[in-house]
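Colleague: with the input below, show me the fold.
(one chain, ligands or ions: 1)
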Amino acid sequence: MYKDKKVVFSGVQPSGQLTIGNYLGAIKNFSAYSEEYRCYYCVVDEHAITVRQNPADLRRRTYETLALYMACGLDPEKNVLFVQSHVSGHAELGWILDCYTMFGELSRMTQFKDKSAKNADNINAGLFTYPALMAADILLYQTEFVPVGSDQKQHLELARDVAERFNRIHGDTFVVPEPLINSTSSARIMSLAEPTKKMSKSDENENATVRILDPRDVIIKKFKRAVTDSGSEIRASEDKPGVTNLMSIYGAFTGKSFEETEREFEGKGYGDFKLAVGEACADALAPVQAEFKRLVADKKYLEEIMLKGAREAAHDSLRTMSKVRRKVGFTEMPRF
Ligand code: TYM
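Modeller: Below is the predicted model of the structure:
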(Lines give C-alpha, C1' and ligand atoms only; values in the text may rest on other atoms or scores of the structure.)
Protein backbone atom coordinates (compact mmCIF):
# COMPACT_ATOMS: atom_id res chain seq x y z
CA MET A 1 0.00 0.00 0.00
CA TYR A 2 2.79 2.36 0.85
CA LYS A 3 4.03 2.14 -2.71
CA ASP A 4 1.52 4.84 -3.70
CA LYS A 5 2.80 7.14 -0.99
CA LYS A 6 5.55 9.71 -1.27
CA VAL A 7 8.48 9.19 1.06
CA VAL A 8 9.62 11.28 4.04
CA PHE A 9 13.01 10.59 5.64
CA SER A 10 14.82 12.22 8.53
CA GLY A 11 17.53 11.37 11.00
CA VAL A 12 18.91 12.42 14.37
CA GLN A 13 22.40 11.69 15.65
CA PRO A 14 22.61 9.90 19.00
CA SER A 15 25.65 12.02 19.78
CA GLY A 16 24.39 13.69 22.94
CA GLN A 17 21.31 14.37 25.02
CA LEU A 18 18.78 15.84 22.61
CA THR A 19 17.84 19.50 23.05
CA ILE A 20 14.70 21.53 22.56
CA GLY A 21 16.37 22.64 19.28
CA ASN A 22 16.17 19.04 18.03
CA TYR A 23 12.62 18.82 19.33
CA LEU A 24 11.20 22.07 17.97
CA GLY A 25 13.24 22.16 14.75
CA ALA A 26 12.71 18.52 13.85
CA ILE A 27 11.24 15.66 15.96
CA LYS A 28 8.08 17.42 17.11
CA ASN A 29 7.09 17.89 13.46
CA PHE A 30 7.77 14.32 12.32
CA SER A 31 4.47 12.72 13.33
CA ALA A 32 2.47 15.13 11.17
CA TYR A 33 3.59 13.20 8.07
CA SER A 34 2.83 9.68 9.26
CA GLU A 35 -0.60 9.32 7.66
CA GLU A 36 0.02 10.84 4.28
CA TYR A 37 3.56 9.64 3.60
CA ARG A 38 5.73 6.57 3.96
CA CYS A 39 8.00 7.84 6.76
CA TYR A 40 11.44 6.62 7.74
CA TYR A 41 12.94 8.06 10.92
CA CYS A 42 16.45 6.90 11.53
CA VAL A 43 18.87 7.04 14.47
CA VAL A 44 22.05 7.90 12.57
CA ASP A 45 24.75 6.23 14.65
CA GLU A 46 27.15 6.01 11.68
CA HIS A 47 27.13 9.79 11.46
CA ALA A 48 27.76 10.07 15.20
CA ILE A 49 31.17 8.36 15.03
CA THR A 50 32.58 11.16 12.86
CA VAL A 51 33.24 12.69 16.29
CA ARG A 52 34.88 10.41 18.87
CA GLN A 53 32.21 8.72 21.02
CA ASN A 54 32.37 6.66 24.14
CA PRO A 55 31.03 3.31 22.80
CA ALA A 56 28.88 2.51 25.84
CA ASP A 57 27.33 5.99 25.77
CA LEU A 58 26.67 5.75 22.03
CA ARG A 59 24.90 2.42 22.49
CA ARG A 60 22.76 3.76 25.35
CA ARG A 61 21.87 6.94 23.48
CA THR A 62 20.87 4.95 20.41
CA TYR A 63 18.19 3.19 22.46
CA GLU A 64 17.23 6.48 24.11
CA THR A 65 16.85 8.28 20.79
CA LEU A 66 14.57 5.56 19.52
CA ALA A 67 12.52 5.78 22.73
CA LEU A 68 12.37 9.56 22.33
CA TYR A 69 11.07 9.24 18.78
CA MET A 70 8.17 7.25 20.14
CA ALA A 71 7.72 9.47 23.20
CA CYS A 72 7.38 12.40 20.78
CA GLY A 73 4.44 10.68 19.13
CA LEU A 74 5.93 8.49 16.42
CA ASP A 75 3.87 5.33 16.20
CA PRO A 76 6.09 2.40 15.14
CA GLU A 77 3.14 0.92 13.26
CA LYS A 78 2.82 4.00 11.08
CA ASN A 79 6.51 4.90 10.69
CA VAL A 80 9.66 2.96 10.01
CA LEU A 81 11.81 3.64 13.08
CA PHE A 82 15.29 2.17 12.80
CA VAL A 83 19.01 2.42 13.43
CA GLN A 84 21.25 3.38 10.51
CA SER A 85 24.00 0.80 11.15
CA HIS A 86 21.42 -2.01 11.04
CA VAL A 87 20.82 -1.39 7.34
CA SER A 88 23.98 -1.95 5.31
CA GLY A 89 22.68 0.02 2.31
CA HIS A 90 23.49 3.32 4.04
CA ALA A 91 27.23 2.72 4.22
CA GLU A 92 27.23 0.99 0.84
CA LEU A 93 25.45 3.78 -1.00
CA GLY A 94 27.47 6.27 1.06
CA TRP A 95 30.68 4.94 -0.48
CA ILE A 96 29.26 5.05 -4.00
CA LEU A 97 28.06 8.63 -3.51
CA ASP A 98 31.49 9.61 -2.15
CA CYS A 99 32.61 8.97 -5.70
CA TYR A 100 29.98 11.39 -7.05
CA THR A 101 30.62 14.18 -4.54
CA MET A 102 33.31 16.74 -5.21
CA PHE A 103 36.09 17.73 -2.83
CA GLY A 104 35.23 21.38 -3.47
CA GLU A 105 31.58 20.86 -2.56
CA LEU A 106 32.45 19.18 0.72
CA SER A 107 35.02 21.88 1.54
CA ARG A 108 32.29 24.51 1.48
CA MET A 109 30.13 22.83 4.15
CA THR A 110 29.88 25.13 7.15
CA GLN A 111 29.20 22.22 9.53
CA PHE A 112 32.52 20.65 8.48
CA LYS A 113 34.31 23.94 9.11
CA ASP A 114 32.66 24.34 12.55
CA LYS A 115 33.22 20.75 13.61
CA SER A 116 36.82 20.65 12.44
CA ALA A 117 37.52 23.81 14.43
CA LYS A 118 35.97 22.15 17.51
CA ASN A 119 37.73 18.80 16.99
CA ALA A 120 41.11 19.97 15.72
CA ASP A 121 42.79 16.75 16.87
CA ASN A 122 40.38 14.52 14.92
CA ILE A 123 39.61 15.96 11.50
CA ASN A 124 38.94 12.54 10.00
CA ALA A 125 37.83 11.66 6.47
CA GLY A 126 34.36 10.67 7.71
CA LEU A 127 33.78 14.13 9.13
CA PHE A 128 34.59 15.51 5.69
CA THR A 129 32.43 13.08 3.67
CA TYR A 130 29.57 13.16 6.21
CA PRO A 131 27.19 14.92 3.77
CA ALA A 132 27.64 12.15 1.16
CA LEU A 133 26.49 9.59 3.75
CA MET A 134 23.59 11.87 4.58
CA ALA A 135 22.72 12.04 0.87
CA ALA A 136 22.82 8.22 0.83
CA ASP A 137 20.40 8.01 3.78
CA ILE A 138 17.93 10.14 1.90
CA LEU A 139 18.36 8.84 -1.66
CA LEU A 140 18.31 5.17 -0.60
CA TYR A 141 14.54 5.36 -0.04
CA GLN A 142 13.66 7.61 -3.01
CA THR A 143 12.76 10.32 -0.52
CA GLU A 144 10.64 13.25 -1.61
CA PHE A 145 10.66 15.33 1.61
CA VAL A 146 13.16 15.77 4.43
CA PRO A 147 11.93 17.59 7.56
CA VAL A 148 14.94 19.21 9.27
CA GLY A 149 16.03 22.33 11.12
CA SER A 150 17.53 25.11 9.03
CA ASP A 151 21.11 24.14 9.94
CA GLN A 152 20.75 21.13 7.61
CA LYS A 153 19.75 23.18 4.57
CA GLN A 154 23.23 23.21 3.07
CA HIS A 155 23.53 19.41 3.40
CA LEU A 156 20.15 19.01 1.71
CA GLU A 157 21.25 21.19 -1.18
CA LEU A 158 24.29 18.99 -1.59
CA ALA A 159 22.11 15.84 -1.55
CA ARG A 160 20.04 17.37 -4.34
CA ASP A 161 23.14 18.23 -6.36
CA VAL A 162 24.53 14.72 -5.96
CA ALA A 163 21.20 13.14 -6.97
CA GLU A 164 20.98 15.38 -10.03
CA ARG A 165 24.58 14.65 -11.01
CA PHE A 166 24.06 10.89 -10.70
CA ASN A 167 20.82 11.09 -12.70
CA ARG A 168 22.56 13.12 -15.41
CA ILE A 169 25.37 10.59 -15.76
CA HIS A 170 23.34 7.37 -15.44
CA GLY A 171 19.76 8.34 -16.30
CA ASP A 172 16.89 8.68 -13.84
CA THR A 173 17.83 6.83 -10.67
CA PHE A 174 17.04 8.99 -7.65
CA VAL A 175 14.14 11.19 -6.64
CA VAL A 176 15.57 14.67 -6.00
CA PRO A 177 14.56 15.47 -2.38
CA GLU A 178 13.12 18.70 -1.02
CA PRO A 179 13.86 20.03 2.47
CA LEU A 180 10.86 20.72 4.72
CA ILE A 181 12.00 23.50 7.02
CA ASN A 182 9.63 25.21 9.45
CA SER A 183 8.80 28.68 8.27
CA THR A 184 8.73 29.91 11.89
CA SER A 185 11.80 30.84 13.89
CA SER A 186 11.78 27.44 15.63
CA ALA A 187 13.66 26.08 12.61
CA ARG A 188 16.72 27.49 14.36
CA ILE A 189 16.71 27.62 18.15
CA MET A 190 19.70 29.52 19.50
CA SER A 191 21.97 28.90 22.50
CA LEU A 192 20.68 30.38 25.78
CA ALA A 193 24.22 31.48 26.67
CA GLU A 194 25.26 32.90 23.27
CA PRO A 195 22.06 33.64 21.35
CA THR A 196 23.88 34.31 18.09
CA LYS A 197 24.98 30.63 18.02
CA LYS A 198 22.77 27.61 17.31
CA MET A 199 21.70 25.54 20.33
CA SER A 200 23.75 22.36 19.97
CA LYS A 201 23.53 19.06 21.87
CA SER A 202 27.32 18.87 22.05
CA ASP A 203 27.73 22.29 23.71
CA GLU A 204 29.88 21.92 26.81
CA ASN A 205 28.22 24.81 28.61
CA GLU A 206 25.17 23.19 30.22
CA ASN A 207 23.47 26.57 30.60
CA ALA A 208 23.50 27.00 26.82
CA THR A 209 21.11 24.12 26.12
CA VAL A 210 17.79 22.85 27.42
CA ARG A 211 17.58 19.08 27.05
CA ILE A 212 14.28 17.38 26.25
CA LEU A 213 14.79 15.23 29.34
CA ASP A 214 15.90 17.95 31.77
CA PRO A 215 13.80 17.93 34.97
CA ARG A 216 11.30 20.76 35.43
CA ASP A 217 13.38 22.68 38.00
CA VAL A 218 16.47 22.48 35.78
CA ILE A 219 14.51 23.77 32.78
CA ILE A 220 13.19 26.71 34.77
CA LYS A 221 16.63 27.47 36.20
CA LYS A 222 18.26 27.39 32.77
CA PHE A 223 15.71 29.82 31.34
CA LYS A 224 16.16 32.10 34.34
CA ARG A 225 19.89 32.22 33.56
CA ALA A 226 19.36 32.76 29.82
CA VAL A 227 21.29 35.72 28.43
CA THR A 228 19.02 38.62 27.55
CA ASP A 229 19.78 41.94 25.95
CA SER A 230 20.08 45.51 27.08
CA GLY A 231 16.82 47.33 27.77
CA SER A 232 13.89 45.68 29.49
CA GLU A 233 11.22 45.36 26.82
CA ILE A 234 9.91 41.99 25.61
CA ARG A 235 10.17 42.70 21.90
CA ALA A 236 11.48 40.67 18.95
CA SER A 237 14.13 42.45 16.92
CA GLU A 238 17.52 41.90 15.36
CA ASP A 239 19.31 43.84 18.06
CA LYS A 240 17.69 41.65 20.73
CA PRO A 241 18.82 38.13 19.80
CA GLY A 242 18.43 36.77 23.35
CA VAL A 243 14.85 37.95 23.87
CA THR A 244 13.90 37.06 20.30
CA ASN A 245 15.14 33.49 20.79
CA LEU A 246 13.14 33.16 24.02
CA MET A 247 10.08 34.51 22.21
CA SER A 248 10.56 31.89 19.48
CA ILE A 249 10.75 29.13 22.08
CA TYR A 250 7.72 30.49 23.92
CA GLY A 251 5.78 30.70 20.66
CA ALA A 252 6.76 27.18 19.62
CA PHE A 253 5.50 25.75 22.90
CA THR A 254 2.35 27.87 23.30
CA GLY A 255 1.38 28.65 19.71
CA LYS A 256 1.55 32.40 20.42
CA SER A 257 2.83 34.81 17.79
CA PHE A 258 5.49 37.45 18.55
CA GLU A 259 2.75 40.12 18.65
CA GLU A 260 0.67 38.15 21.14
CA THR A 261 3.71 37.61 23.36
CA GLU A 262 4.66 41.29 23.17
CA ARG A 263 1.15 42.22 24.28
CA GLU A 264 1.06 39.59 27.04
CA PHE A 265 4.28 40.91 28.60
CA GLU A 266 3.78 44.62 28.05
CA GLY A 267 4.99 46.47 31.13
CA LYS A 268 6.52 43.30 32.59
CA GLY A 269 10.23 42.57 32.97
CA TYR A 270 12.61 39.88 31.77
CA GLY A 271 12.24 37.95 35.05
CA ASP A 272 8.51 37.34 34.59
CA PHE A 273 8.97 36.52 30.94
CA LYS A 274 11.79 34.03 31.48
CA LEU A 275 9.79 32.23 34.15
CA ALA A 276 6.82 31.96 31.78
CA VAL A 277 9.04 30.52 29.02
CA GLY A 278 10.52 27.97 31.43
CA GLU A 279 7.08 26.92 32.65
CA ALA A 280 5.64 26.63 29.14
CA CYS A 281 8.60 24.50 28.08
CA ALA A 282 8.47 22.26 31.17
CA ASP A 283 4.67 21.83 30.82
CA ALA A 284 4.96 20.86 27.16
CA LEU A 285 7.79 18.40 27.76
CA ALA A 286 6.26 16.70 30.82
CA PRO A 287 4.17 14.16 28.84
CA VAL A 288 7.10 13.42 26.51
CA GLN A 289 9.32 12.77 29.53
CA ALA A 290 6.78 10.51 31.20
CA GLU A 291 6.33 8.46 28.05
CA PHE A 292 10.10 8.30 27.52
CA LYS A 293 10.60 6.96 31.05
CA ARG A 294 8.11 4.22 30.43
CA LEU A 295 9.54 3.23 27.04
CA VAL A 296 13.22 3.32 27.91
CA ALA A 297 12.69 0.89 30.78
CA ASP A 298 11.47 -1.72 28.31
CA LYS A 299 14.59 -2.67 26.38
CA LYS A 300 13.00 -5.77 24.90
CA TYR A 301 10.22 -3.72 23.33
CA LEU A 302 12.73 -1.20 21.95
CA GLU A 303 14.65 -4.09 20.40
CA GLU A 304 11.49 -5.43 18.78
CA ILE A 305 10.89 -2.02 17.22
CA MET A 306 14.52 -1.78 16.10
CA LEU A 307 14.32 -5.18 14.44
CA LYS A 308 11.00 -4.50 12.75
CA GLY A 309 12.23 -1.12 11.48
CA ALA A 310 15.55 -2.49 10.24
CA ARG A 311 13.83 -5.32 8.38
CA GLU A 312 11.42 -2.99 6.64
CA ALA A 313 14.07 -0.41 5.81
CA ALA A 314 16.53 -3.05 4.58
CA HIS A 315 13.83 -4.57 2.39
CA ASP A 316 12.80 -1.21 0.95
CA SER A 317 16.41 -0.17 0.32
CA LEU A 318 17.13 -3.14 -1.94
CA ARG A 319 15.34 -1.69 -4.93
CA THR A 320 17.47 1.43 -5.02
CA MET A 321 20.64 -0.52 -4.24
CA SER A 322 20.21 -3.01 -7.05
CA LYS A 323 19.41 -0.20 -9.49
CA VAL A 324 22.48 1.77 -8.42
CA ARG A 325 24.77 -1.25 -8.53
CA ARG A 326 23.69 -1.97 -12.08
CA LYS A 327 24.00 1.65 -13.19
CA VAL A 328 27.55 2.10 -11.91
CA GLY A 329 28.64 -1.16 -13.55
CA PHE A 330 29.03 -3.56 -10.64
CA THR A 331 28.62 -7.22 -11.56
CA GLU A 332 26.06 -9.45 -9.91
CA MET A 333 27.66 -11.89 -7.54
CA PRO A 334 27.62 -15.21 -9.43
CA ARG A 335 25.30 -17.82 -7.91
CA PHE A 336 26.16 -21.50 -8.22
P1 TYM B 1 21.32 16.55 14.33
O2 TYM B 1 21.40 15.24 15.06
O3 TYM B 1 22.38 17.55 14.60
O4 TYM B 1 19.93 17.23 14.61
C5 TYM B 1 18.70 16.54 14.46
C6 TYM B 1 17.65 17.47 13.91
O7 TYM B 1 17.50 18.60 14.79
C8 TYM B 1 17.62 19.82 14.06
N9 TYM B 1 18.27 20.81 14.93
C10 TYM B 1 17.77 22.01 15.20
N11 TYM B 1 16.63 22.64 14.82
C12 TYM B 1 16.39 23.88 15.30
N13 TYM B 1 17.23 24.53 16.14
C14 TYM B 1 18.39 23.94 16.55
N15 TYM B 1 19.19 24.58 17.39
C16 TYM B 1 18.68 22.63 16.09
N17 TYM B 1 19.72 21.77 16.30
C18 TYM B 1 19.44 20.67 15.58
C19 TYM B 1 18.51 19.47 12.88
O20 TYM B 1 18.32 20.36 11.82
C21 TYM B 1 18.04 18.07 12.54
O22 TYM B 1 16.88 18.11 11.73
N23 TYM B 1 23.03 15.58 9.74
C24 TYM B 1 21.87 15.48 10.60
C25 TYM B 1 21.39 14.06 10.81
C26 TYM B 1 21.11 13.32 9.55
C27 TYM B 1 19.98 13.53 8.69
C28 TYM B 1 20.13 12.56 7.67
C29 TYM B 1 18.90 14.40 8.73
C30 TYM B 1 21.85 12.32 9.02
N31 TYM B 1 21.27 11.87 7.89
C32 TYM B 1 19.19 12.49 6.64
C33 TYM B 1 17.96 14.31 7.69
C34 TYM B 1 18.11 13.37 6.66
C35 TYM B 1 22.24 16.04 11.97
O36 TYM B 1 23.39 16.14 12.31
O37 TYM B 1 21.19 16.29 12.78
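Colleague: does the residue of the chain found nearest the ligand sit in a helix, a strand or a coil?
Modeller: As assessed by CB to the nearest ligand atom, the ligand sits closest to G25 within the chain, at 1.9 Å. All C-beta spots, glycine's among them, are computed from the backbone N, C-alpha and C. Under DSSP: H, G, I helix; E, B strand; the rest coil, G25 falls in the helix class.
Colleague: pretty sure it contacts L180?
Modeller: No: using CB atoms under 8 Å, G25 is not in contact with L180, being 11.2 Å away.
Colleague: ok, the two, which is more surrounded?
Modeller: G25 (27 against 18; other CB atoms under 10 Å).
Colleague: return the residues in contact with the more buried one.
Modeller: V148, G149, S150, D151, N182, S186, A187, R188, I189 (CB atoms under 8 Å, 6 or more residues apart in numbering).
Colleague: neighbours of the fourth one, how many?
Modeller: The criterion is other CB under 10 Å. On that basis, D151 has 20 neighbouring residues.
Colleague: what does the third one give?
Modeller: Applying the criterion other CB under 10 Å, we find 16 residues in the vicinity of S150.
Colleague: restrict the contacts of G25 to those near the ligand?
Modeller: The overlap between these and the neighbours of the ligand (CB under 6 Å from any ligand atom) comes to V148, G149, D151, A187, R188, I189.
Colleague: returning to what we had before: now, among the contacts of G25, which is nearest to E77?
Modeller: V148 (24.0 Å; CB to CB).
Colleague: any weak-confidence spans in the stretch 101-250 of the chain?
Modeller: Scanning the stretch 101-250 of the chain for pLDDT under 70 picks out nothing.
Colleague: who in it is up against the ligand?
Modeller: Counting by CB under 6 Å from any ligand atom, the residues of the stretch 101-250 of the chain close to the ligand are 134, 137-138, 146, 148-149, 151-152, 155, 187-189, 198-199.
Colleague: which of those residues ranks first by neighbour count?
Modeller: I138 (30 neighbours).
Colleague: what about it, helix or strand, and which?
Modeller: Assigned by DSSP states H and E, I138 belongs to helix 125-139.
Colleague: for that helix, packing partners?
Modeller: strand 7-12, helix 45-48, helix 89-98, helix 103-107, helix 110-118, helix 153-170 (3 or more CB pairs under 8 Å, 6 or more residues apart in numbering; DSSP states H and E).
Colleague: just checking, what's the longest helix in this structure?
Modeller: Counting by DSSP state H, the longest helix found in the chain is helix 299-328.
Colleague: tilt between it and helix 125-139?
Modeller: 90 degrees (axes from the mean of the first three to the mean of the last three CA atoms, to 10 degrees).
Colleague: quick one: mean pLDDT over helix 299-328.
Modeller: For helix 299-328, mean pLDDT rounds to 98.
Colleague: name the helices or strands packed onto that helix?
Modeller: strand 38-43, helix 55-71, strand 80-83, helix 89-98, helix 153-170, helix 270-296.
Colleague: so does it get close to the ligand?
Modeller: No: Helix 299-328 lies out of reach of the ligand by CB under 6 Å from any ligand atom, never closer than 12.8 Å.
Colleague: tell me the buried residues in that helix?
Modeller: By neighbour count on 16 or more other CB atoms under 10 Å, the buried set for helix 299-328 is 302, 305-306, 309-310, 312-314, 316-317, 320-321, 324-325, 327.
Colleague: overlap in contacts, G25 and L180.
Modeller: In contact with both G25 and L180: V148, using CB under 8 Å, 6+ apart.
Colleague: next, the buried residues of whichever strand or helix holds D217.
Modeller: Using DSSP H and E, D217 falls within helix 216-225. For helix 216-225, the neighbour count (16+ other CB under 10 Å) marks I219, I220, K222, F223 as buried.
Colleague: do I have it right that Q13 meets C42?
Modeller: No: applying CB under 8 Å, one finds Q13 not in contact with C42, separated by 10.0 Å.
Colleague: I'd like to know how many residues surround M109.
Modeller: 18.
Colleague: OK, contacts around the most centrally placed residue in the chain?
Modeller: For the chain, the residue sitting closest to the mean C-alpha position, by CA atoms, centre = their mean, is V12 at 4.0 Å. Applying CB under 8 Å, 6+ apart, we find V12 in contact with L18, N22, A26, I27, Y41, C42, V43, V44, T65, Y69.
Colleague: one more pass at 7 Å, please.
Modeller: L18, N22, A26, I27, V43, V44, T65 (CB atoms under 7 Å, 6 or more residues apart in numbering).
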